[in-house]
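>>> curious how this folds, go ahead:
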Amino acid sequence: MNEIYTLTSSRNDRVFIHVMPGHFVSANNHINYYIGTSDIKHNHNVAVDAAMLLSGYYIESGIHVDTVLCLYETQTLGGYLAHELARPNMFSPNPNATVYVLGAEYDGTGNLIFRDNLRRMIEEQNVVILISCITSGRTVERAMESVEYYGGKVAGISSAFSAIEEIQGIHVNTIFSLDDIPHYKAYPMHDCPYCRQGMPVDAISNGYGYSMLG
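All right, here's what the predicted structure looks like:
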């Protein structure tokens, strides 16, 4: 088993992720660290504090949010984020109390779809895309396209960890970044130095977790 260590946020030491070095295969890349965000997604206490960190960006920037679109099991975090965004605050004493929280549904080709009963929560709404980890940004780009197909506007992107600072001109509001994991690297599948060295893959990883090999 690879060594796993805990990394806490410099802004709130109750918010943390787990980091495991190794050779991992994700949907779009080979990566040298697995970023574990299970507690931010599923631990009530951690999710509440993480949502407070993420909400501050939108509140202080005056970005109005109608809907939080949750990718890869981030609905718990999304619910707390919506709660924070809907609360009165010094920047917006009387905000609109309705902020929708939607989970992701995909069709057979991997495109996000919204059923007819949910379209009103996307169409003509300001949508924040919430995801646990961003490496290349391709998953978020596809979600952005889907939101636009349904007539919504992407107002923001939030994540627990992101290796990039912006996607299609939109700032990524993240808790952890490359400043926290400076040696984090992602490689195209056809140009992975670990594969060239004959290093076996430790695990298959995606937004839901990882599965060890061997």
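>>> export stretch 56-67 as PDB, just CAs?
Extracted as PDB, the C-alpha positions of stretch 56-67 are listed here (Å, rounded to 0.1, in the frame of the first residue of the first chain):
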ATOM      1  CA  GLY A  56     -16.600  33.300   0.300                       C
ATOM      2  CA  TYR A  57     -15.300  33.800  -3.200                       C
ATOM      3  CA  TYR A  58     -18.800  34.300  -4.600                       C
ATOM      4  CA  ILE A  59     -20.100  36.400  -1.800                       C
ATOM      5  CA  GLU A  60     -17.100  38.800  -1.800                       C
ATOM      6  CA  SER A  61     -17.000  39.000  -5.600                       C
ATOM      7  CA  GLY A  62     -20.700  39.700  -5.800                       C
ATOM      8  CA  ILE A  63     -21.400  36.700  -8.100                       C
ATOM      9  CA  HIS A  64     -25.000  35.700  -8.000                       C
ATOM     10  CA  VAL A  65     -25.600  31.900  -8.000                       C
ATOM     11  CA  ASP A  66     -28.900  30.200  -8.700                       C
ATOM     12  CA  THR A  67     -27.800  26.600  -9.100                       C
END
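>>> could I get the phi/psi values of residue 40?
Phi and psi for residue 40, reported as degrees, to the nearest 10, are phi -60, psi -30.
>>> where do the helices sit along this structure?
38-42, 44-61, 75-86, 138-149, 193-196 (DSSP state H).
>>> what comes up buried for the last one?
The reference is to helix 193-196. Judged by neighbour count using 16 or more other CB atoms under 10 Å, the buried positions of helix 193-196 are 194-195. To be clear about C-beta, it is placed using only N, CA and C from the backbone, and glycine gets the same treatment.
>>> average model confidence for it?
Across helix 193-196, pLDDT averages out at 94.
>>> dig out what the one residue sitting closest to the centre of the chain forms beta bridges with.
The chain has residue 131 as the residue nearest its centroid, 1.9 Å off, counting by CA atoms, centre = their mean. Here residue 131 sits in beta bridges with residue 159, going by DSSP bridges.
>>> give me the pLDDT for it.
Residue 131 is assigned a pLDDT of 97 by the prediction.
>>> surely it meets residue 142?
No - under the criterion of CB atoms under 8 Å, residue 131 makes no contact with residue 142, lying 11.1 Å away.
>>> the residue nearest to the centre of the chain: what's it in contact with?
If you count contacts by CB atoms under 8 Å, 6 or more residues apart in numbering, residue 131 has them with 71-72, 74, 139-140, 143, 157-159, 207.
>>> go again with 7 Å.
Counting by CB atoms under 7 Å, 6 or more residues apart in numbering, residue 131 makes contact with 71-72, 74, 139-140, 159, 207.
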